[in-house]
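Peer 1: Below is the sequence, then the predicted model.
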Number of protein chains: 2
Amino acid sequence: VPKVSPAHLEARKGQILEGARRCFARWGYEGATVARLEQEIGLSRGAIFHYFDSKWDLFWELAALDQTRALDAFTEHGLDAMMRVFVDGDPDWLGVYFEAISILRRDRDRFERWQARNPELQERAERRFEELQASGEFRADLELKDLSSFVGIVADGVVIRRSFGLHVDLAALTALLRSALAPPRQ
Amino acid sequence: VPKVSPAHLEARKGQILEGARRCFARWGYEGATVARLEQEIGLSRGAIFHYFDSKWDLFWELAALDQTRALDAFTEHGLDAMMRVFVDGDPDWLGVYFEAISILRRDRDRFERWQARNPELQERAERRFEELQASGEFRADLELKDLSSFVGIVADGVVIRRSFGLHVDLAALTALLRSALAPPRQ
């Protein structure tokens, strides 16, 4: 086996993931056969599954990239930037998540691994929520987990609408979300 | 064909729908075969499909009943009552909606009929939103469609969480939603 530089390795993985995303978006998760993945990625099945264990693993990595992007947007630029990630998402790619929900609902172990993925990122988001609550930007009359759960609920709901190609007004959405999270009147 | 009273007809349809709901919740939409529908409903396929055109039609009617229940709760008792309908929903039944999303995403005509279902109910909900905006309970600085779209987004997000059996704190959820929709400070 020839030696491969870390940079080359990452570039190859990136090529595979971007091709897999296009393939899932076009054909759906179930419809993304190995032959279609090969065609869209431009590599043989041997090469693809040398880097990733399974089709599920490809989806998992792509979902982790989405999650990183959304939570980075939140910690660096705030809620509006995070919601923009979902509002601007490609409807065909977002639709793949609903196939994934059906798969995760049927497999409790897989779901628990899914929930526990990327703990470092989740902790960073939680710390940011704590800071915003401490600074008075977020309300303190409710528990932090109820605030973060609400943001997750809104994000999931946006993904459903966008997966159908329905319009979501980002300015109105973020105004509503900011009011929900702001300290109440008295 | 023997004459059947309207009351008997409704009872028979109700029996079929409740059996179909149990069957979908247990086996999923795809897994609810005609044989399993017969077994759960306790009627032959001939009897079932005498009243309903197709499996999709059974799902459609059940979803329409859910929608009626949620919007009746809203117009009669307010947002909290509506959210309770979703929070208290059976996770296995709610999971069927995500299979339906995949079906609707692939079939534009079906999706458009889905969006336009039950116009009378949708109008009634819209009028209630208008009243709440006119009375000052809901904010008037955003368009009515952005408010109703936000409530729909939150409801969809709650359905995702509940379909996984995850806890949603109804009191915190409704406090957040009320703050989102209330007139802003100045």
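Peer 2: Nice, I can see it. Numbers count the residues shown, from 1 in each chain, chains lettered A, B, ... in the order given.

Peer 1: Check what pLDDT the closest residue to residue A:23 other than its chain neighbours gets.
Peer 2: In space, not counting the residues next to it along the chain, residue A:23 is nearest to residue A:40; the distance is 3.9 Å by CB to CB, 6 or more residues apart in numbering or on different chains. Using the backbone N, CA and C atoms, a C-beta is placed for each residue, glycine as well. For residue A:40, the pLDDT comes out at 97.

Peer 1: and residue A:40, how many neighbours does it have?
Peer 2: Counted with other CB atoms under 10 Å in any protein chain shown, the neighbours of residue A:40 add up to 20.

Peer 1: Pull the contacting residues for it.
Peer 2: Residue A:40 makes contact with A:19-20, A:22-23, A:26 under the criterion CB atoms under 8 Å, 6 or more residues apart in numbering or on different chains.

Peer 1: Which of the residues you listed are buried, as a PyMOL select command?
Peer 2: Remark: buried members of the contacts of residue A:40, expressed as a PyMOL selection using 16 or more other CB atoms under 10 Å in any protein chain shown:
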select buried, chain A and resi 19+20+22+23
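
Peer 1: Pick the one among the contacts of residue A:40 closest to chain B.
Peer 2: residue A:26 (12.2 Å; CB to the nearest CB).

Peer 1: Go ahead and confirm the closest one touches residue A:92.
Peer 2: Yes. Here residue A:26 reaches residue A:92: they are 6.8 Å apart, a contact under CB atoms under 8 Å.

Peer 1: which residues in chain A form helices?
Peer 2: Residue ranges of the helices in chain A, as given by DSSP state H, are A:6-31, A:34-41, A:45-51, A:55-77, A:79-87, A:91-105, A:108-115, A:119-134, A:144-163, A:170-181.

Peer 1: how about the ones you listed in JSON lines, adding distance to residue B:182?
Peer 2: What follows is the helices of chain A, written out as JSON lines (distance: least, CB to CB, whole Å):
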{"stretch": "helix A:6-31", "distance to residue B:182": "39"}
{"stretch": "helix A:34-41", "distance to residue B:182": "48"}
{"stretch": "helix A:45-51", "distance to residue B:182": "51"}
{"stretch": "helix A:55-77", "distance to residue B:182": "24"}
{"stretch": "helix A:79-87", "distance to residue B:182": "18"}
{"stretch": "helix A:91-105", "distance to residue B:182": "30"}
{"stretch": "helix A:108-115", "distance to residue B:182": "33"}
{"stretch": "helix A:119-134", "distance to residue B:182": "20"}
{"stretch": "helix A:144-163", "distance to residue B:182": "15"}
{"stretch": "helix A:170-181", "distance to residue B:182": "7"}
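
Peer 1: Nearest approach to residue B:45 belongs to which of those helices?
Peer 2: Ranking the helices of chain A by their distance to residue B:45 (criterion: CB to CB) puts helix A:91-105 first, at 25.3 Å.

Peer 1: CA atoms only: put that closest one into PDB for me.
Peer 2: Output of helix A:91-105 as PDB, limited to C-alpha atoms (Å, rounded to 0.1, in the frame of the first residue of the first chain):
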ATOM      1  CA  PRO A  91     -34.400  20.800   0.000                       C
ATOM      2  CA  ASP A  92     -33.300  17.600  -1.600                       C
ATOM      3  CA  TRP A  93     -30.500  17.000   0.800                       C
ATOM      4  CA  LEU A  94     -32.700  18.000   3.800                       C
ATOM      5  CA  GLY A  95     -35.300  15.400   2.700                       C
ATOM      6  CA  VAL A  96     -32.800  12.600   3.300                       C
ATOM      7  CA  TYR A  97     -33.100  13.400   7.000                       C
ATOM      8  CA  PHE A  98     -36.600  12.100   7.000                       C
ATOM      9  CA  GLU A  99     -35.600   8.800   5.700                       C
ATOM     10  CA  ALA A 100     -32.900   8.800   8.400                       C
ATOM     11  CA  ILE A 101     -35.600   9.400  11.000                       C
ATOM     12  CA  SER A 102     -37.400   6.300  10.000                       C
ATOM     13  CA  ILE A 103     -34.100   4.300  10.200                       C
ATOM     14  CA  LEU A 104     -33.200   5.700  13.600                       C
ATOM     15  CA  ARG A 105     -36.700   5.100  15.000                       C
END
